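this one's sequence-less:
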């Protein structure tokens, strides 16, 4: 117990040496090209047509970006913005048929359902494992 305390005090008083060594002084680049560029690993090596035709900057693109899925219909016009229509106007929210998308684990086949807990497992959880014998 006292050995650990002595080691901690010795380590605390030792001079700290950082593991990372930086080469040269930090400098800010004189000019940075902020024009939108496709990702280097893009299969088409070009920006989407919708991006280049209506957005000059990424921030303008981000302001009009739409969420995919059931909420995609929320932007009706550029003036309406996100949330321009109420939830009841969007209609029912259901996963697309035949796509394999489900919203709840119980919609999956039975082999993927959670297994029910046994009485012994419930007792072990409620008592914190104090009554479990191994």
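Perfect, I can see it now. These figures come from a predicted structure and were not determined experimentally. Numbers count the residues shown, from 1 in each chain.

contacts and neighbour counts: CA atoms only from here.
Noted.

Packing partners of the helix or strand hosting residue 7?
Per DSSP states H and E, residue 7 falls inside helix 2-13. Applying 3 or more CA pairs under 8 Å, 6 or more residues apart in numbering; DSSP states H and E, we find helix 2-13 packed against no helix or strand.

avg pLDDT for that helix?
Mean per-residue pLDDT for helix 2-13: 72.

and it, how far from the chain's centre?
Offset of helix 2-13 from its chain centre (CA atoms, centre = their mean, to the nearest Å): 41 Å.

Run through who's touching it.
Residues outside helix 2-13 that contact it (CA atoms under 8 Å, 6 or more residues apart in numbering): none.

try stretch 98-114
Contact with stretch 98-114 is made by residue 95, as judged by CA under 8 Å, 6+ apart.

Any stretches of the chain with poor pLDDT?
1-2, 13, 50-55, 61-85, 131-134 (pLDDT under 70).

Name the SS class of residue 111, please.
Using DSSP: H, G, I helix; E, B strand; the rest coil, the structure places residue 111 in helix.

Let me see the ranges of the helices in this protein.
Ranges of helices within the chain are 2-13, 49-54, 58-63, 87-90, 119-126, based on DSSP state H.

In JSON lines: the ones you listed, plus distance to residue 39 and mean neighbour count.
Output for the helices of the chain, formatted as JSON lines (distance: least, CA to CA, whole Å; neighbours: other CA atoms under 10 Å):
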{"stretch": "helix 2-13", "distance to residue 39": "46", "mean neighbour count": "10"}
{"stretch": "helix 49-54", "distance to residue 39": "13", "mean neighbour count": "11"}
{"stretch": "helix 58-63", "distance to residue 39": "13", "mean neighbour count": "12"}
{"stretch": "helix 87-90", "distance to residue 39": "33", "mean neighbour count": "10"}
{"stretch": "helix 119-126", "distance to residue 39": "49", "mean neighbour count": "12"}
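
Make TSV from those and add distance to residue 113 to it.
As requested, the helices of the chain are exported to TSV (distance: least, CA to CA, whole Å):
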stretch	distance to residue 113
helix 2-13	49
helix 49-54	42
helix 58-63	39
helix 87-90	31
helix 119-126	18
